[in-house]
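Asker: one predicted model, sequence on top.
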Amino acid sequence: MNRQSNRIFALVDGNNFYVSCERVFNPALEGRPILVMSNNDGCVVARSNEVKSLGIPMGTPIFKVRHLIERHNVVCLSSNYTLYGDMSRRVMETLGGFAPKMEIYSIDEAFLDLTGFAHCDVTVYARQICDTVRQWTGIPVSIGLGRTKTLAKLANHLAKKAMPATGVYNLADAPDLTVVLSQAPVEAIWGIGSRIQKKLNRAGIMTAAQLCEVDDTWMRTKFGVTGLRTVWELRGRSCLNLEDAAPNKNILCSKSFGRSVETLEDLCESIAAYTSRAAEKLRGQKLAAGVITVFIMTNLFRGPRYVNYRTCELPVACNNTPELITHALDVLRRIYRQGYRYKKAGVLLDQLVPEDRVQGSLFDDISNRRRGRKLMAIMDAVNDQMSAGTLFSAACGLERRWKTRFGQRSFHYTTSWAELPIVRTKNGE
Ligand SMILES: [Mg+2]
């Protein structure tokens, strides 16, 4: 009854991606226990295999594992998202050359449609992909192959566990698929979170193989059409297609401050800086925003609490930094209250439309708008060539005492001329 899919999906996933990005530019970190910390160096967001085997879980606050860090000499790095984002772009560009269709699923994961490659040995082809990505970008990746996206995801999980040397696990032509599924716990399946896992376990379903055997109607009643789809996909019937990268529905720029902020002046600088960053992203996607939301909040666990946000509709949708900053600061002044220690602020741009399809207004100054566009184009070009933040609005401030702390951050090796890696020869030149 269930048609077997004749398609082949590959899920490519960067191994310990953030850590691998750091190792590319600092080979001395190879083989050492390394962890990457979240904003303000708070929690663990990425771990090398060595750190995983020390039993330090993802998301742990650093202070709780301080003793392990000291005992095992663990290298702790601040997160460097500029570097990770740029390395991700390089990996994705490389992958794009290997398949006619690709879905970028996260910063370090992509699905490839390899259906047209069924005539050749896809395992060999996948190894070739791993080798090329490693050679061109320095990033190690693992690949799972399957007849459906769900099986490809599971295969990737197995590639990391069972095949660390080759990095490829093929479930697309696996005669022992049932055996593999009987050894995979349901929680290892894509889309089965802890809530669904508990329900399934209570019904006596512990493994992927058992999940394949369930009654369709029962599954649908209990877990809806999404649950049923997962079961079909496990049985080898492809229900999920590659999705084109969805255009952003909104753009958010927000961060915790490095230290608490009290004055309106500091808040204004931070909001201006976040708005600038969001506007850059807008222009990068050739979009304009119709609505801007600004929010500020204090620490919710310590001291007097205050959270507020307000949204303002722009008279004409735009992507001009000074104009957006003016609106954002207007909003901020309305929600700011003196006497609080603010911990976080942010800017959300919404109602995004293509920049060439903006609805004008009768009283809009068009010549001014044209000049603004030129200015933004020049600013983006300079920042693109000379490194981000070379030109910026004075409203963003010079000192930026509120900035997020990155005490142990590596350099922006690939996106800043000033931070290029330096090569030294043996005689020290
Ligand atoms: Mg990964």
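Answerer: Done, it's in.
Asker: return the mean pLDDT over stretch 285-298, rounded to an integer.
Answerer: The average pLDDT within stretch 285-298 is 90.
Asker: nope, stretch 93-108 is what I meant
Answerer: The model assigns stretch 93-108 a mean pLDDT of 88.
Asker: may I have that stretch exported as CSV, CA atoms only?
Answerer: Coordinates of each C-alpha in stretch 93-108 appear next as CSV, following Å, rounded to 0.1, in the frame of the first residue of the first chain:
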residue,chain,number,x,y,z
GLU,A,93,28.0,27.4,-2.0
THR,A,94,30.2,24.3,-2.3
LEU,A,95,27.3,22.0,-1.7
GLY,A,96,25.2,23.9,-4.3
GLY,A,97,27.5,22.6,-7.0
PHE,A,98,26.8,19.0,-6.3
ALA,A,99,23.0,18.8,-6.8
PRO,A,100,20.3,20.5,-8.9
LYS,A,101,18.2,21.2,-5.8
MET,A,102,19.2,22.1,-2.3
GLU,A,103,17.4,23.3,0.8
ILE,A,104,19.4,25.2,3.4
TYR,A,105,17.9,23.9,6.6
SER,A,106,20.0,25.6,9.3
ILE,A,107,23.4,27.3,9.6
ASP,A,108,25.2,24.0,9.2
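Asker: now that stretch, how far from the centre of its chain.
Answerer: Stretch 93-108 sits 15 Å away from the centroid of its parent chain (Cα atoms, centre = their mean, to the nearest Å).
Asker: my read: R283 touches L349, true?
Answerer: No: with contacts counted by Cβ atoms under 8 Å, R283 stays clear of L349, the gap being 11.2 Å. For glycine as for every other residue, the C-beta is placed from the backbone atoms N, C-alpha and C.
Asker: tell me the SS of the residue nearest to T414 when sequence neighbours are not counted?
Answerer: Closest residue in space to T414, ignoring its immediate chain neighbours: D86 at 4.6 Å, by Cβ to Cβ, 6 or more residues apart in numbering. Under the three-state scheme (DSSP: H, G, I helix; E, B strand; the rest coil), D86 adopts helix.
Asker: neighbours around D86, how many?
Answerer: D86: 16 surrounding residues under other Cβ atoms under 10 Å.
Asker: which residues does the residue sitting nearest the centre point of the chain contact?
Answerer: Nearest residue to the geometric centre of the chain (Cα atoms, centre = their mean): I107, 4.1 Å. Contacts for I107 (Cβ atoms under 8 Å, 6 or more residues apart in numbering) come out as F17, Y84, G85, S88.
Asker: in PyMOL, select just the buried ones from these.
Answerer: Filtering these down to the buried ones (16 or more other Cβ atoms under 10 Å) takes a single PyMOL command:
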select buried, resi 17+84+88
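Asker: near the ion too, which of the contacts of I107?
Answerer: For the ion, the contacts drawn from the contacts of I107 by Cβ under 5 Å from the ion are F17.
Asker: which single one of the contacts of I107 is nearest to F411?
Answerer: Y84 (12.9 Å; Cβ to Cβ).
Asker: give the contact list for that closest one.
Answerer: By Cβ under 8 Å, 6+ apart, the residues touching Y84 are F17, Y18, C21, I107.
Asker: go with 6 Å
Answerer: When contacts are counted by Cβ atoms under 6 Å, 6 or more residues apart in numbering, Y84 touches Y18, C21.
Asker: one more: the one 4 residues further on?
Answerer: S88 sits next to I107 when contact means Cβ under 6 Å, 6+ apart.
Asker: cutoff 10 Å now
Answerer: Going by Cβ atoms under 10 Å, 6 or more residues apart in numbering, S88 touches G14, F17, C21, Y81, I104, S106, I107, D108, E109, A110, T137, I139.
Asker: domain-wise, how is the protein divided?
Answerer: The record's domain parsing of the chain by automatic domain parsing lists 1-173, 175-246, 251-396.
Asker: winner for burial among those?
Answerer: Each of those was scored by mean neighbour count; the highest is domain 1-173, a mean of 19, by mean count of other Cβ atoms under 10 Å.
Asker: quick check: residues of the chain near the ion?
Answerer: Counting by Cβ under 5 Å from the ion, the chain comes close to the ion at D13, G14, F17, D108.
Asker: before we move on, the earlier item: worst average pLDDT in the domains of the chain?
Answerer: Looking at these, the bottom one is domain 251-396 with a mean of 87.
Asker: and the end-to-end length of stretch 242-256?
Answerer: In stretch 242-256, first residue to last residue: 35 Å (Cα to Cα, to the nearest Å).
Asker: next one: stretch 20-30
Answerer: Terminal residues of stretch 20-30 lie 9 Å apart, using Cα to Cα.
Asker: re earlier: need the residues touching each of R283 and L349.
Answerer: Common neighbours of R283 and L349 (Cβ under 10 Å, 6+ apart) are N319.
Asker: quick one: the helices in this structure?
Answerer: 17-25, 49-53, 66-71, 81-96, 122-137, 149-162, 177-183, 194-202, 208-212, 216-234, 264-284, 321-335, 366-386 (DSSP state H).
Asker: from the chain's centre, how far out does the fourth one sit?
Answerer: Same thing as helix 81-96. For helix 81-96, the distance to the chain centre is 11 Å (Cα atoms, centre = their mean).
Asker: thinking again about what came up before, so who does the residue nearest to T414 touch?
Answerer: Counting by Cβ under 10 Å, 6+ apart, D86 has contacts C21, N80, H412, Y413, T414, T415, S416.
Asker: so how far is L154 from the residue in the stretch 101-250 of the chain positioned nearest to the ion?
Answerer: Going by Cβ to the ion, the ion is nearest to D108 of the stretch 101-250 of the chain, at 4.4 Å. Per Cβ to Cβ, to the nearest Å, D108 is found 18 Å from L154.
Asker: do the same with H412
Answerer: From H412 to L154 the distance is 36 Å (Cβ to Cβ).
Asker: try V179
Answerer: Separation of V179 from L154 (Cβ to Cβ): 13 Å.
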